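[1] only geometry, no sequence info:
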Ligand code: MN
């Protein structure tokens, strides 16, 4: 997906000392003639990253047609995870793949990649998340890559868990990442309560897709993201009426990043250079074959210098 937000707003979020911080989503229109709107919980003013997770867009269920023309990425990996629908992916590595519910598609756009995403005819209702992972400095020029993985469903205290990145509940994803990470979908039936063993060096985020969920005693509404800091060896989730959540985790990233449009870099000047290279079509991003249309032009840079994002220590 491409970030085509025109006018980012700042939001506030509630915080409980030592408890779970509730990050509320803001609606972001993605533009275009048949515009879809997403609910963005990362980044926001108070929190830019959870582990290396630096971008969290949640969308649907909507009967919309997604058509995102070829656009570039740097310094990140994109994670596509669908609950329903189907998206056709094409990239400048030459990959032509279909994103389907319950299957991870992880694209690496370190030094530079371009891709397009179009929902298919089979996709009457689109519902899912689009997540980005910042690459650590040592690997942020990593070559283009694309990994696909359909995790098994494991049962934990009546809940169904699918681990697409990292390890949880005895299930380990074989997908390679550049920092220690966790990504899982958890479906809780009504009345479920489960305690998950987690790495105490990780911070975690629980994105509520549908239903109601209580995380470590804090109630979360659908669409919100509950943040739990490091130092916990377990996470307790419960639901009265049933819920589906996406659990994200990772070691605190520890580096400041500069994010603008679809680029992750370290400095303003670097982002300006990436933008210039996309506009003059250098080999950095390559070409997407098979997309029936033209590529997305980069939006104009904002006035002033782009500032780095990090997290409060
Ligand atoms: Mn994209």
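    Cool, the structure landed. None of the values given here were measured: they were computed from a predicted structure.

[2] and residue 160, how many neighbours?
    By other Cβ atoms under 10 Å, the residues close to residue 160 number 15. In short, each C-beta sits where N, CA and C put it, glycine included.

[3] excluding covalently adjacent residues, which one is nearest to it?
    For residue 160, the nearest residue in space outside its immediate sequence neighbours is residue 187; the separation is 4.4 Å by Cβ to Cβ, 6 or more residues apart in numbering.

[4] show me what the worst-scoring helix or strand of the chain on mean pLDDT is packed up against.
    The helix or strand of the chain with the lowest confidence, counting by mean pLDDT, DSSP states H and E, is strand 26-29 at a mean of 92. Counting by 3 or more Cβ pairs under 8 Å, 6 or more residues apart in numbering; DSSP states H and E, the packing neighbours recorded for strand 26-29 are strand 37-42.

[5] distance from the chain centre to the strand it packs on, please.
    Averaging C-alpha coordinates over strand 37-42 and over its chain gives two centres that are 10 Å apart (Cα atoms, centre = their mean, to the nearest Å).

[6] now the angle from the following helix or strand past it to strand 37-42?
    Of the helices and strands lying after strand 37-42 in sequence (DSSP states H and E), the nearest is strand 53-62. For strand 53-62 against strand 37-42, the angle between stretch directions is 150 degrees (axes from the mean of the first three to the mean of the last three Cα atoms, to 10 degrees).

[7] quick one: name whatever helix or strand follows strand 53-62.
    Sequence order places strand 67-73 as the next helix or strand after strand 53-62, per DSSP H and E.

[8] parallel or antiparallel, which strands does that following strand pair with?
    strand 113-119 (antiparallel) (DSSP bridges).

[9] tell me the mean pLDDT for the strand it pairs with?
    In this model, strand 113-119 has a mean pLDDT of 96.

[10] just the helices from the stretch 201-313 of the chain, written as ranges.
    Chain-ordered helices for the stretch 201-313 of the chain, with DSSP state H, counting those that start in this stretch as the definition, fall at 268-279.

[11] residue in it nearest to the ion?
    Nearest residue of the stretch 201-313 of the chain to the ion, counting by Cβ to the ion: residue 262, 5.8 Å away.

[12] once you drop chain neighbours, what's closest to the most centrally placed residue in the chain?
    For the chain, the residue whose C-alpha lies nearest the mean C-alpha position (Cα atoms, centre = their mean) is residue 131; its distance is 1.0 Å. The shortest distance from residue 131 to any non-neighbouring residue, by Cβ to Cβ, 6+ apart, is to residue 79 (4.1 Å).

[13] now swap in residue 181 and tell me
    Leaving out its chain neighbours, residue 181 is closest to residue 250 (Cβ to Cβ, 6+ apart), at 4.4 Å.

[14] ditto for residue 50
    In this structure, residue 50 finds its nearest non-sequential neighbour in residue 205, 4.2 Å apart by Cβ to Cβ, 6+ apart.

[15] got the contact list for the one you found?
    23, 41-42, 50, 53, 56, 225-228, 247-249 (Cβ atoms under 8 Å, 6 or more residues apart in numbering).

[16] one more: residue 156?
    Contacts for residue 156 were tallied using Cβ under 8 Å, 6+ apart; they are 169, 194, 196.

[17] ok now do the first one, which residues does it touch?
    Read it as residue 169. Applying Cβ under 8 Å, 6+ apart, one finds that residue 169 lies in contact with 154, 156, 161, 163, 196, 197.

[18] tell me which of those is nearest to the ion?
    Comparing the contacts of residue 169 against the ion with Cβ to the ion picks out residue 163 as the nearest, at 23.6 Å.

[19] the closest one: which element?
    Under the assignment given by DSSP H and E, the secondary-structure element containing residue 163 is strand 159-165.

[20] quick check: buried residues in that strand?
    Applying a neighbour-count criterion of 16 or more other Cβ atoms under 10 Å, one finds 159, 161, 162, 163, 164, 165 buried in strand 159-165.
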